[in-house]
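K.L.:
Just a sequence and a predicted model for now, questions to come.
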Amino acid sequence: MEGNQSWVTEFILVGFPLSEEMEFLLFGIFSLLYTINLLANGMILGLICLDPRLHSPMYYFLSHLAIIDISFPSSNLPNLLENLVKHKKTISFISCTMQMLFNLTFGSIECLILLVVSYDRYVAICRPLQYTVIMNGRSCVVLAITSWACGFSLALVQVILLLRLPFCGPQEVNHFLCDIRSVLRLACSDTGINEMFLFADGVFILVGPLSLMLVSYVSILWAILKIQSKEGHKKAFSTCSSHLCVVGFYFGIAMIVYMVPDNSQREEQLKILFPFYTLFNPLLNPLVYSLRNAQVKAAFYRVLQKKRRTT
C-alpha cells in the first residue's frame, strides 16, 4: 500500500439517495414498525413467562425466538433511525464492527433455533410417546445454549477475519447498515479467505439446517397422512404450518442475501431486501404464532381476564 493512504476510522452508509421529506417518512414508518416489533415480541415473551400452560419445549424455544427478534433489529435500527432524522450517514469503525457481529450472531442463532423448533415438532408428531423423554428440560437447555454458542462463535470468526484486513479508503459503504459483504468490498487487500468462510458459514447455517428441516417435515407430512381423523389432520397441519411460513420467508431471503454471487445490480436489490430481513421478519414470528396458535391466544385472554379482576 502507498504511504500516503490514511486508515479509515469511520464509514459513510450510503443507503438510498432520498430527499429530506422521504427520509422523515421512512423514519416514521421504521419507528412504527420497530415499536410494534418490540411490543409484539415482548407480549409473546411475557405470555410464555407468565402462563404456566406455555411452559413446554415448543414455547421455550419460541421465547428464544422472541428474544432474538427483539435483539436483531435493536442492533441496527437505532443507528439507522438516527441517520434518517439527522441526515447524517456516518458510523464509527468500532460501531460498524459491533453491528456486523450482532447481525451475524442473531441471524445465525435464529437459523439454528428454527431448526430446533422443527425437530421439536418432528418428535411431537412422529414420536409422541417418547416426546417427554427426548425433549426433557435438560435437552431443551442444551439445544438452546448450543445454538447461541455456535451462532456467536461463527459470527466472531467472521469479524476477526475482517479485522485483519486493512481499510484505507474509500469510506462509503453501499448500504444503510454495516453488512459484512458490503464492508468487505472496501478492504485494501485480498478478501478471498473471508469470502470462502462466508460461503462455508452460509452452507452450515442456511443450507444444512434447511435440508434437515425439509427431512423433518417430509417425515411429519408422512405421519400426518397416516392419521385417520380429520381433526388430527387439522391439528397437526395447524401446528406446523406457522413454522413453515416463518422458515420459508426467513431462509428464502437469507439465502438470496448470502449465497447468491455478487454483482453491482444485485447489490442495489439487496438494499431493498434487507429491511424485510432485519425488520419485517422479526415481526412475522409473533404475528404468525399469535394469530395461528390457539394456546397463545387463550393465554392472552387469560391474562386480560386476570387483569380485569384485579382492577
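P.N.:
That came in fine, so what should we check first? Residues are numbered from 1 along each chain as shown.
K.L.:
need the contact list for the most centrally placed residue in the chain.
P.N.:
With distances taken as Cα atoms, centre = their mean, the residue of the chain nearest its centroid is Gly107 (4.2 Å). Each residue near Gly107 by Cβ atoms under 8 Å, 6 or more residues apart in numbering is listed here: 72, 151, 205, 254. All C-beta atoms are positioned from the backbone trio N, CA, C, and that covers glycine.
K.L.:
Now with 7 Å, please.
P.N.:
Shown in contact with Gly107 (Cβ atoms under 7 Å, 6 or more residues apart in numbering): Ala254.
K.L.:
and the gap between it and Phe72?
P.N.:
7 Å (Cβ to Cβ, to the nearest Å).
K.L.:
The residue nearest to the centre of the chain: which element?
P.N.:
helix 93-126 (DSSP states H and E).
K.L.:
tell me the average confidence for that helix?
P.N.:
The average pLDDT for helix 93-126 rounds to 90.
K.L.:
same thing with stretch 40-47?
P.N.:
Averaged across stretch 40-47, the pLDDT comes to 88.
K.L.:
now stretch 136-155
P.N.:
On average, stretch 136-155 scores 94.
K.L.:
Need the contact partners of it.
P.N.:
Here stretch 136-155 makes contact (Cβ under 7 Å, 6+ apart) with 57, 60-61, 64, 101, 104-105, 108-109, 112-113, 116, 201, 205.
K.L.:
can you redo those residues as CSV with distance to Ile224 and neighbour count?
P.N.:
Formatted as CSV, the contacts of stretch 136-155 follow (distance: Cβ to Cβ, whole Å; neighbours: other Cβ atoms under 10 Å):
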residue, distance to Ile224, neighbour count
Pro57, 20, 23
Tyr60, 24, 20
Phe61, 21, 23
His64, 26, 23
Leu101, 41, 20
Leu104, 36, 25
Thr105, 35, 23
Ser108, 30, 26
Ile109, 29, 26
Leu112, 25, 23
Ile113, 23, 22
Val116, 21, 23
Asp201, 33, 19
Ile205, 28, 25
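K.L.:
Which pair in these has the greatest spatial separation?
P.N.:
Pro57 and Leu101 (29.2 Å; Cβ to Cβ).
K.L.:
So which residues of this protein form helices?
P.N.:
For the chain, helices defined by DSSP state H occupy the ranges 20-50, 57-74, 77-86, 93-126, 131-134, 137-163, 180-184, 192-202, 208-226, 230-259, 264-275, 281-291, 294-310.
K.L.:
nearest to Glu10, of the ones you listed?
P.N.:
Across those, Glu10 has its closest neighbour in helix 93-126 (6.0 Å, Cβ to Cβ).
K.L.:
Okay, buried residues for stretch 53-68 please.
P.N.:
Within stretch 53-68, the residues that count as buried by 16 or more other Cβ atoms under 10 Å are 54, 56-68.
K.L.:
what about that stretch, distance to the chain center?
P.N.:
Its chain's average C-alpha position is 15 Å from that of stretch 53-68, according to Cα atoms, centre = their mean, to the nearest Å.
K.L.:
Mean confidence (pLDDT) on it, please.
P.N.:
89.
K.L.:
Can you report how many residues neighbour Leu221?
P.N.:
By the criterion of other Cβ atoms under 10 Å, Leu221 has 13 neighbours.
K.L.:
Distance-wise, check the residue lying closest to Cys245 once chain neighbours are set aside relative to Leu65.
P.N.:
Once flanking residues are discounted, Cys245 sits nearest to Val288: 5.3 Å by Cβ to Cβ, 6 or more residues apart in numbering. For Val288, the distance to Leu65 equals 11 Å [Cβ to Cβ].
K.L.:
what do you get for Cys245?
P.N.:
For Cys245, the distance to Leu65 - Cβ to Cβ - is 13 Å.
K.L.:
again with Leu270
P.N.:
24 Å.
K.L.:
just Lys226 next, same as before
P.N.:
Counting by Cβ to Cβ - Lys226 and Leu65 are separated by 29 Å.
K.L.:
again with Leu214
P.N.:
Here Leu214 is placed at a distance of 20 Å from Leu65 (Cβ to Cβ).
K.L.:
what's the closest non-adjacent residue to Asn194?
P.N.:
That would be Leu161: by Cβ to Cβ, 6+ apart, it lies 5.2 Å from Asn194.
K.L.:
before we move on, what about Pro209?
P.N.:
Leu115 (4.0 Å).
K.L.:
Thought Leu214 was touching the one you found, still the case?
P.N.:
No: with contacts counted by Cβ atoms under 7 Å, Leu115 stays clear of Leu214, the gap being 10.9 Å.
K.L.:
Who has more neighbours out of these two?
P.N.:
Leu115 (21 against 12).
K.L.:
list the contacts for that one?
P.N.:
By Cβ under 7 Å, 6+ apart, Leu115 lies in contact with 209, 212-213.
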